[in-house]
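# Fold the stuff below for me.
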Amino acid sequence: MVHNGVEPLGGRFVRLWAASTTSALGSGLAMVATPLLVAARTDDPLLVSAAAGVGWLPWLLFALPGGVLVDRVDRRRLMVAVDWARVVAMAVLAAATATGHAGILLLCTVLFVVNCGEIVFRAASQAVLPAVVPRERLERANGLLFGGTTLMQQMVAGPLGGFLFVLAAGLPFLANAATYAASAVLIGLVGGVYRAVPTAGPTEERSSSVLAEMAEGLRWLLRQRLLRTMAVLIGLLNVTLTAATAVLVLLAAQRLHLGSVGYGLLFTCMAAGGVLGSLVGDRLIALVTATWTIRVGLLVEAGLHLALATSRSPYLIGFALFAFGVHGALWGIVANSLRQRLTPPEMLGRVGSSNLFVAAGGNCLGALLGGVLAGAFGLTAPYWVGFGVAVLVTLATWRVFDRATVGAAYAAPAAGSPAPAGATEAPAGAG
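Numbers count the residues shown, from 1 in each chain. Below is the predicted model of the structure:
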């Protein structure tokens, strides 16, 4: 049924959204509880930082091969299997914490396993989406997924995770296990088969090597000017953004004169912007076009760094972070929707994981760069560098995102795909 001329997202998407949002809440609880547990076990800065680093390591090691796996098997079943594996890992950690046996080694091992699963789960969910919702509704679907994740991880999980940890150190991890179990059940209820079918036909020999398939996905991405530019941009901008947030706690205390509550509220401002952007994103993008959504977003990036470098007003910084949250949601909607529209269905896993790999690399480098720049050149140095990089990439890519190029990308079906929404992956009438 079509309401007001707009095709609805359907029951399969509702279950996928519910699974994603529930899982995001659990992951957020664990993100809050993990440093608290580490700090309760040791005051060694090296061990504390090592536990944080373990969270990023899987993204660099397994993002690309994870994409190959997503393109080789039924994506829905893979997501269910990943969720149940994470249930077991989190349940073990919760039990060990409750009995006083949760050491740093066990914690790092569980974090490593869970984040390996997160890589595969995220790549698979992005690859499944074009087969679940109509092509013209991808922006709305991506916005709702982004909004649910932002709301749960950045606004709900923080206070709830801290409260549960105070009650019992193992409760946040037990709750995380429960959310993964709920996610597995919900995804299991999504109808259809989601195994990618090669569009080249059965006579064309496919690569059997994981390395060869990884290279195939990267080569395809590098040949796409629009998607390649967006991937490089997100890597560069993640470097400067993570460098900025890495020392934001110092900026909040020394220049904005904020306490711990005020510092936390800065992130709440950004999360609130992200939720708002996700709710109105599809309509706003349709109103101003994807071209200007991207271009204005680049200006917002530059404006955020300039505000952080020059302002001593917590209200201005809060507004800048709110605007950045809106931009982040809009950028994510456009980037994911374009990638899902342009990428052949059988390569969605590898192309999506390539973007995750680039983004994670930028985060890792930025976490180190922020402290180095602030220590060597002063507290505002990371923000001036971020402003300079944002201005340069805006000038360098402004013409790449012209209206004709972006409009053609939205109009074109995925290369080699006879059905824009990936009809070969899901039977008609499912859900």
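# low-scoring pLDDT stretches of the protein, where are they?
Scanning the chain for pLDDT under 70 picks out 1-8, 43-54, 197-208, 260, 412-431.
# Could you pick out the longest helix of it?
helix 260-310 (DSSP state H).
# which strands and helices sit next to the next helix or strand after that one?
Under the assignment DSSP states H and E, the closest C-terminal helix or strand after helix 260-310 is helix 314-342. Applying 3 or more CB pairs under 8 Å, 6 or more residues apart in numbering; DSSP states H and E, we find helix 314-342 packed against helix 104-132, helix 138-150, helix 225-246, helix 260-310, helix 348-377, helix 403-411. Using the backbone N, CA and C atoms, a C-beta is placed for each residue, glycine as well.
# mind checking which of these is nearest Phe62?
Among the helices and strands packed on helix 314-342, the nearest to Phe62 by CB to CB is helix 104-132 (5.5 Å).
# and the angle from the closest one to helix 314-342?
60 degrees (axes from the mean of the first three to the mean of the last three CA atoms, to 10 degrees).
# when you compare where helix 104-132 runs with where helix 348-377 runs, what's the angle?
Using the same axes, to 10 degrees: helix 104-132 against helix 348-377 is 130 degrees.
# Using TSV, please lay out the helices and strands packed on helix 314-342 together with mean neighbour count and distance to Ala182.
Converted to TSV, the helices and strands packed on helix 314-342 look like this (neighbours: other CB atoms under 10 Å; distance: least, CB to CB, whole Å):
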stretch	mean neighbour count	distance to Ala182
helix 104-132	23	14
helix 138-150	24	14
helix 225-246	21	30
helix 260-310	19	21
helix 348-377	21	24
helix 403-411	14	35
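# could you give the angle of the longest helix of the chain to helix 314-342?
Computed by the same axes, to 10 degrees, the angle between helix 260-310 and helix 314-342 is 80 degrees.
# Check the offset of helix 260-310 from the chain's centre.
Mean-position distance between helix 260-310 and its chain equals 15 Å (CA atoms, centre = their mean, to the nearest Å).
# So which other helices or strands are in contact with it?
helix 138-150, helix 225-246, helix 248-254, helix 314-342, helix 381-397, helix 403-411.
# Tabulate these in CSV, adding columns for distance to Thr42.
CSV is the format used below for those (distance: least, CB to CB, whole Å):
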stretch, distance to Thr42
helix 138-150, 31
helix 225-246, 21
helix 248-254, 21
helix 314-342, 32
helix 381-397, 28
helix 403-411, 50
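# So which of these is nearest Gly303?
That would be helix 314-342 among the helices and strands packed on helix 260-310, by CB to CB, at 6.6 Å.
# how is this structure carved up into domains?
1-194, 210-419 (automatic domain parsing).
# Flag every buried residue along stretch 150-169.
Using 16 or more other CB atoms under 10 Å as the test for burial, stretch 150-169 gives 150-158, 160-161, 164-165, 169.
# now those in a markdown table, with distance to Arg76?
As requested, the buried residues of stretch 150-169 are exported to a markdown table (distance: CB to CB, whole Å):
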| residue | distance to Arg76 |
| --- | --- |
| Thr150 | 24 |
| Leu151 | 24 |
| Met152 | 22 |
| Gln153 | 23 |
| Gln154 | 27 |
| Met155 | 29 |
| Val156 | 26 |
| Ala157 | 26 |
| Gly158 | 31 |
| Leu160 | 29 |
| Gly161 | 29 |
| Leu164 | 31 |
| Phe165 | 33 |
| Ala169 | 34 |
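# Tell me the one of the residues you listed nearest Ala40?
Ala169 (6.9 Å).
# can you give me phi and psi for the closest one?
phi -60, psi -30 (degrees, to the nearest 10).
# Show the contacting residues for the residue nearest to it when sequence neighbours are not counted.
Of all residues beyond its chain neighbours, the one nearest Ala169 is Thr97 (5.0 Å), with distances taken as CB to CB, 6 or more residues apart in numbering. Residues near Thr97 by CB atoms under 8 Å, 6 or more residues apart in numbering: Leu37, Ala169, Gly170, Phe173.
# Highest neighbour count among those residues?
Phe173 (32 neighbours; other CB atoms under 10 Å).
# Please name the spatially closest residue to that one (chain neighbours excluded).
Ala94 (3.9 Å).
# tell me which element that neighbour falls in.
helix 75-98.
# mind checking how far that helix is from the chain centre?
20 Å.
# Now do the SS call for the nearest residue to Leu250 once chain neighbours are set aside.
The shortest distance from Leu250 to any non-neighbouring residue, by CB to CB, 6+ apart, is to Leu379 (6.0 Å). Following DSSP: H, G, I helix; E, B strand; the rest coil, we place Leu379 in the coil state.
# For Leu379, grab phi and psi.
phi -60, psi -30.
# which element is the nearest residue to Ile119 once chain neighbours are set aside on?
Counting by CB to CB, 6+ apart, Gly66 is the residue found nearest to Ile119 once chain neighbours are left out, at 4.6 Å. Taking DSSP H and E as the definition, Gly66 sits inside helix 45-72.
# Good, wrapping up.
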